[in-house]
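Engineer: Below is the sequence, then the predicted model.
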Amino acid sequence: MTLEEAMRKYPDAVTFRFGDGPEMCAELLALVRSGAKTATCGALRDFGEGGEPKPVVGRRDISLNWDGTPAVVIETLSVTEKRFCDMDEEFALAEGENETFDGWWQDHRAYFERHGGWDPEMMLICERFRMVEDLADV
């Protein structure tokens, strides 16, 4: 399915990419497809005016492969804001990227340090989602 076809099918969708490079994007999409990744978070500073639109409960969005082709459609189930230092293990492990909470902490700290800085008090947008459609199957 092309991006244009996907946007016709999901006209209110926002498009986005998981991760910060082709390898990470592919790894995270594989986790979504396997059902291991049902949550994600991002720095609050990266959302809103001039950044990505905030996730909205009930909206279906299109996650892209790194090359810009559509990969999967997800539906947002919940959105919360919390400080990095207040992250709970259950949510962190629902991101599917780490086997331990300490691993999540280290990997996410490194990610945020690469993208605008990290602070234990920084606010995060925390989203739970479900995969609606794997566009690779279409």
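Structural biologist: Cool, the structure landed. Residues are numbered from 1 along each chain as shown.

Engineer: quick one: pLDDT of the residue sitting nearest the centre point of the chain?
Structural biologist: Averaging the C-alpha coordinates of the chain gives a centre point, and the residue nearest to it by Cα atoms, centre = their mean is residue 40 (4.3 Å). According to the model's per-residue confidence, residue 40 sits at a pLDDT of 97.

Engineer: burial count for residue 39?
Structural biologist: When counting by other Cβ atoms under 10 Å, one arrives at 18 neighbours for residue 39. Just so you know, the C-beta spots here come from the backbone N, C-alpha and C atoms, and that holds for glycine as well.

Engineer: Could you pull up the residues touching it?
Structural biologist: Taking Cβ atoms under 8 Å, 6 or more residues apart in numbering as the criterion, residue 39 is in contact with 91, 94, 95, 96, 126, 127, 128, 129.

Engineer: circling back: quick one, what contacts the residue nearest to the centre of the chain?
Structural biologist: With contacts taken as Cβ under 8 Å, 6+ apart, residue 40 has the following neighbours: 18, 95, 126, 127, 129.

Engineer: Now it: which helix or strand?
Structural biologist: Mapping residue 40 onto the secondary structure by DSSP states H and E places it in strand 39-43.

Engineer: Out of the contacts of residue 40, who's the most crowded?
Structural biologist: For those, the largest number of neighbours (other Cβ under 10 Å) sits with residue 129, at 25 neighbours.

Engineer: That one falls within a strand, correct?
Structural biologist: Yes: per DSSP: H, G, I helix; E, B strand; the rest coil, residue 129 lies within a strand segment.
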